[in-house]
Structures are given as structure tokens and as C-alpha cells.
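>>> What follows is a predicted protein model with its sequence.
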Amino acid sequence: MKTTKLTLALTGLMMAGAIITVSCKKSTTQPATPVDNSTTEAADASSVSNVSSDIDNMAAESSQGNMSTYRLANGGQESVSALSCATVVRDTVNRIVTATFSGTSPCLDGRTRSGTLIFNYSASPAGVKYYRNPGYTCQVTSQNYMVDGNAISVTKTITNTTPSGFNAATTNMTWSVTASVTMIKAGNEGTVVWSANRVKTLLNTSDTSVYHGQATAITWSKARVGVTGGSSGTTAAGASFTSTITTQLVRDMTCAPNSNYPGRHPFIQGDITLTITGKATRYIDFGNGTCGTTGSVTINGNNYPFTQP
């Protein structure tokens, strides 16, 4: 009888010990690691890149005396061809072009802009006054500039690095671009800080319907533009990042996927590697050259689609 009671007691102790052991193991189990699948950083990088590229295009058009790509939009049509969504003033003495945006009506690309962009080309050599001229140098600054509710502060320098006397049949026109852009996102969704050193190339310089020589303005509506280089800064969440264009980004000005916004030309080709502190590396793919607005981001081997803003 005593033996039976002892056996039962030992069994009870062993069961209790097992329960305690299991309980201890459960208490030390770590919570599951959150899935890293945010494409917000990629969308922000795309948005800032587009803002910066748009300003490059404006610098090109304003130096020619117009901003036709940014005329007022109305259901995809120009309201009045003689009007623009910006008032452009050329000061040929001080070599400054000032574009002041209405803030009320969308431009031809469907984006509503307000504030002012100042294009100062006074550092260009004597006799050089157009974006297409080798040696042309333009410093761009902003005043109260906003795009679709995002507050944009920009400082950039654009320099035409094409060799003087170049042969357009064999040499593409190029520009070096250094830029610092701060974007306060609409709705207080954070601030993106972005600095870049890039090279812009007119990929179809040899096309005589695009480049007509130094005496005539480039037909930008038919241009195919390539962008290379890198950037760094902080995301809207405050994390540091660096990005490198691993395959040239391409914008085709004949590609306007949204018929309502015939002036909006997204990147349709190229790749960016985006490294963010504390997160997995993002590999951003803008496509293979087919006209469209979609892209994809690969994170930890998983692919996530996104639409360019």
C-alpha cells in the first residue's frame, strides 16, 4: 500500500514537473517576426524621382521660351493652347526664367502645382542660353512650391556636358544633374529627404525629328530620356537610405498610359537598388520598356507590384 502511494506521489511530481517545463518553454517563445513587405519607400523614391525629372524637363522647356508639356489639362485636352498652368517670365538681362504656377488648375500631366520655380542660367558661358547648348548651366530653386499637396523644396544644378561641336548622328546629348529635394508628404504623412547625382541622356539625339541642331528647339514630345546615377537621404519614416540605378531608367515622352493626363510620362524601364537602414534591400523594377505605370519591388525574394504616382 505504501509502495502504491509512493508511486502515485512520484508520478504526480513528474507530471507537475513536465507541466512546469512546458510552461517555461512557452514563456520563452519569441513573437513571430513581422513580414517585411512595405512598398511605401519604393513609391516615395519613385515620386521624388518623378518630381525631380519633371523639373529637369521644365528647365529644358523654359529655356526655349515655353512650357508646352505643362499646359492646362481639361479631361485630357488643353483648355486653351495659348495658356499654361504657369506664368513664365524671361529676364534675358540677368539670365533668369521664373515660372509661377496657378495652384488652381491641373497641368497637362494632371498634377496641380502652386508656387514658383526659378531657373537661373547666369553661370552659363557667354552666348550660351538654351538647355540644348553645350556648357549651359542652370541653377534651380523653389519658393513655396507644391505638387498635388506635397510641399517641395528643391535646389539643383543642371549642366549640359555634351562636347562642343558634337556629331548628333553618333553622340547623344548629356546633362549632369545634382539635386537636393525635400518633400513633405500631403496629410502630414512624413518628410522624404533626397539628394542625388545623376546623368541625363537624350537617347534619340540622332533622330532628326527630335534634335534639329543648335539653332532650333528640341522636340521634347518625341524624346526618349535615360537617367543613371544614385541618391541618398531619409525615408518618410525617418530611416536612412541609399539608392543606385543599376539599369538605366528610361522615360519615353511618347508614352502617356493615362489618356486623361497626356502629359504624364512614367519611367517604363530600368532598375534601382534601394538600401534602407533596418530593412531588407529593395530591388525596384520599372519594366522592360512597355508603356505603362506599373512597377514591382522585390523584398526577401518576394515580388510586390506598385503603381507609379
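Done, it's in.
>>> Every contact and neighbour count from this point should use C-alpha atoms.
Fine.
>>> Could you list the low-confidence segments of this protein?
Across the chain, the ranges flagged by pLDDT under 70 are 1-34, 65-84, 309.
>>> Name the residue closest to the centre of it, please.
In the chain, the centroid-proximal residue (CA atoms, centre = their mean) is Ser49; its distance is 1.7 Å.
>>> In three-state terms, label that residue for me.
Counting by DSSP: H, G, I helix; E, B strand; the rest coil, the backbone at Ser49 sits in helix.
>>> same question, Ser221
For Ser221, the reduced secondary structure class is helix; criterion used: three-state DSSP.
>>> just checking, it touches Ala256?
No: Ser221 is not in contact with Ala256 according to CA atoms under 8 Å; the separation is 10.6 Å.
>>> Compare the two (neighbour count), which wins?
Between Ser221 and Ala256, counted using other CA atoms under 10 Å, Ala256 has the larger neighbour count: 18 against 14.
>>> Could you measure from the residue nearest to the centre of the chain over to Leu249?
Ser49 sits 10 Å away from Leu249, taking CA to CA, to the nearest Å as the criterion.
>>> go on, Pro134?
With distances taken as CA to CA, Pro134 is found 23 Å from Leu249.
>>> What of Thr219?
According to CA to CA, Thr219 stands 20 Å off from Leu249.
>>> Looking at these two, which has the bigger crowd around it?
Neighbour count, other CA under 10 Å: between Thr219 and Leu249, Leu249 has more, with 22 against 14.
>>> Name the nearest residue to that one, sequence neighbours excluded.
If the residues on either side of it in the chain are set aside, Leu249 comes closest to Gly270, at 4.2 Å by CA to CA, 6 or more residues apart in numbering.
>>> Helix or strand: which one has that neighbour?
For Gly270, the element it lies in under DSSP states H and E is strand 267-276.
>>> Skip ahead from that strand and say which helix or strand is next.
Proceeding C-terminally, strand 267-276 gives way to strand 282-288 as the next helix or strand, assigned by DSSP H and E.
>>> Could you name the helices and strands sitting against that next one?
For strand 282-288, the helices and strands in contact under the criterion 3 or more CA pairs under 8 Å, 6 or more residues apart in numbering; DSSP states H and E are strand 267-276, strand 294-299.
>>> now the angle between strand 282-288 and the shortest one, please.
Okay, so that is strand 294-299. With axes from the mean of the first three to the mean of the last three CA atoms, to 10 degrees applied, the angle from strand 294-299 to strand 282-288 works out at 150 degrees.
>>> can you pull out the helices in the stretch 1-150 of the chain?
Remark: helices assigned in the stretch 1-150 of the chain by DSSP state H, counting those that start in this stretch are 2-27, 40-63.
>>> my guess is Val88 contacts Ser102, does it?
No: between Val88 and Ser102 no contact is recorded; they are 11.1 Å apart, counting by CA under 8 Å.
>>> quick revisit: please report how far the residue nearest to Leu249 lies from Ile284.
Distance from Gly270 to Ile284, counting by CA to CA: 8 Å.
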